[in-house]
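[1] Structure here, sequence nowhere to be found:
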């Protein structure tokens, strides 16, 4: 690593001598660690959910690692659920620079409509395709659009996996099972269009209101990936988990661009390396439980019944009723996603 510029360190020889034996080596060599500075730069990361939610676990780990590896230059603090209560408020705080980092979590398509094509039901085929797209050319293109339009640096893309229905009264095996049911959806148009198109009645709602709404009968159910049904304790208000795989759930972690540009090249590399490592941790946690056998193992001891839905029937309905409008809206990006091959 290269030596830190003298202006960054802002310490004269007398100050170094007073600092004691710990600084003697720096004086002897005339070099300071690349990340060294008098006061650590605080980087607050806000997230809608707390540990043990998969992304919370990974970004809490990242905060500890970044603080430790930056040799005192950076102090990353992770706040899950406690700092800012809603996804859109978190993103407004990052955009304004009130906090350095955050994630829109499940509200990514609301904050970044450019990502909406990835959430169209059954357009993204599987995890392998999704990872390759978002860590490749499609992800790079989206990141540039987000940086140019919103002045945010994308640190990584991650996901909550494919979404499945959770309901209290009955399982959802065929599209007709959704008729008459009020299903909570995230606050982006594509989610409402998905539920309405598949036959249910979509109820847009921030996640913080979901459990109360379910207890009061305002909603009959909702959808979540398996990894979050357990972490968010949805089994407290739900009896059935129906594996429909109807929406892929991509999102990202972002940083205020001005704060990002204030980091040194070494610090930026460290942040990006740890972001990619956090991405891997979330993907492993998400994908490892997203199958029938593992879902049963995870959820049935908690009182839920896991059922396999007729995915091909749901896909057929989605292609007929939901795809046409979005295909014309997203144009070239749609064609790239639909025709993508690993």
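    Right, received. Where do you want to start? Computed from a prediction, not measured in an experiment: that's the story for all the values here. Numbering: from 1, shown residues only.
[2] ok, residue 269 - how many residues close by?
    11 (other Cβ atoms under 10 Å). In short, each C-beta sits where N, CA and C put it, glycine included.
[3] What separation is there between it and residue 66?
    12 Å (Cβ to Cβ, to the nearest Å).
[4] got it, and residue 290?
    28 Å.
[5] And the two? Which one has more around it.
    Just comparing residue 290 and residue 66: by other Cβ under 10 Å the higher neighbour count belongs to residue 66, 25 against 19.
[6] elements contacting the top helix by length along the chain?
    Scanning the chain for the longest helix, with DSSP state H as the assignment, gives helix 265-288. On a contact count with 3 or more Cβ pairs under 8 Å, 6 or more residues apart in numbering; DSSP states H and E, helix 265-288 meets helix 54-69, helix 127-134, strand 152-162, strand 248-256.
[7] I'd like to know which of these is closest to residue 225.
    Closest approach to residue 225 among these is made by strand 152-162 (3.5 Å; Cβ to Cβ).
[8] on contacts alone, who are the packing partners of the helix or strand following the closest one?
    Using DSSP states H and E, the helix or strand that follows strand 152-162 towards the C-terminus is strand 164-167. Contact here means 3+ Cβ pairs under 8 Å, 6+ apart; on that basis strand 164-167 packs against strand 221-224, helix 226-231, strand 240-243.
[9] Same list, those, but as TSV with mean neighbour count please.
    Written out in TSV, the entries for the helices and strands packed on strand 164-167 read as follows (neighbours: other Cβ atoms under 10 Å):
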stretch	mean neighbour count
strand 221-224	27
helix 226-231	24
strand 240-243	24
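[10] These: lowest mean pLDDT?
    Mean pLDDT per stretch puts helix 226-231 lowest among those, at a mean of 90.
[11] Kindly spell out which helices and strands sit in contact with it.
    Counting contacts by 3+ Cβ pairs under 8 Å, 6+ apart, helix 226-231 is packed against helix 54-69, strand 152-162, strand 164-167, helix 292-299.
[12] quick one, which of those is nearest to residue 264?
    helix 54-69 (13.5 Å).
[13] just how off-centre is that closest one within its chain?
    In this view, helix 54-69 has its centroid 14 Å away from the chain centroid, taken as Cα atoms, centre = their mean, to the nearest Å.
[14] List the contacts of that helix.
    For helix 54-69, contacts defined as Cβ atoms under 8 Å, 6 or more residues apart in numbering pick out 40, 43, 45, 47, 49-51, 74-78, 80-81, 103, 105, 158, 160, 227-228, 231, 253, 270-271, 274-275, 277-279, 281-282, 285-286.
[15] Show me which of those residues are buried.
    Burial by neighbour count, 16 or more other Cβ atoms under 10 Å: within those this picks out 43, 45, 47, 49-51, 74, 76-78, 80, 103, 105, 158, 160, 227-228, 231, 253, 270-271, 274-275, 278-279, 281-282, 285-286.
[16] I'd like to know how far residue 230 sits from residue 323.
    The gap separating residue 230 from residue 323 is 31 Å, by Cβ to Cβ.
[17] which residues touch residue 214?
    Residues touching residue 214, when contacts are defined by Cβ under 8 Å, 6+ apart, comprise 168, 184, 221, 222, 237, 238.
[18] That one in helix, strand or coil?
    Following DSSP: H, G, I helix; E, B strand; the rest coil, we place residue 214 in the helix state.
[19] got any ranges where the protein has weak pLDDT?
    Counting by pLDDT under 70, the chain shows low-confidence ranges at 1-38.
[20] end to end, how far does stretch 157-167 reach?
    29 Å (Cα to Cα, to the nearest Å).
[21] now do stretch 105-123
    The stretch stretch 105-123 measures 20 Å between its terminal residues, going by Cα to Cα.
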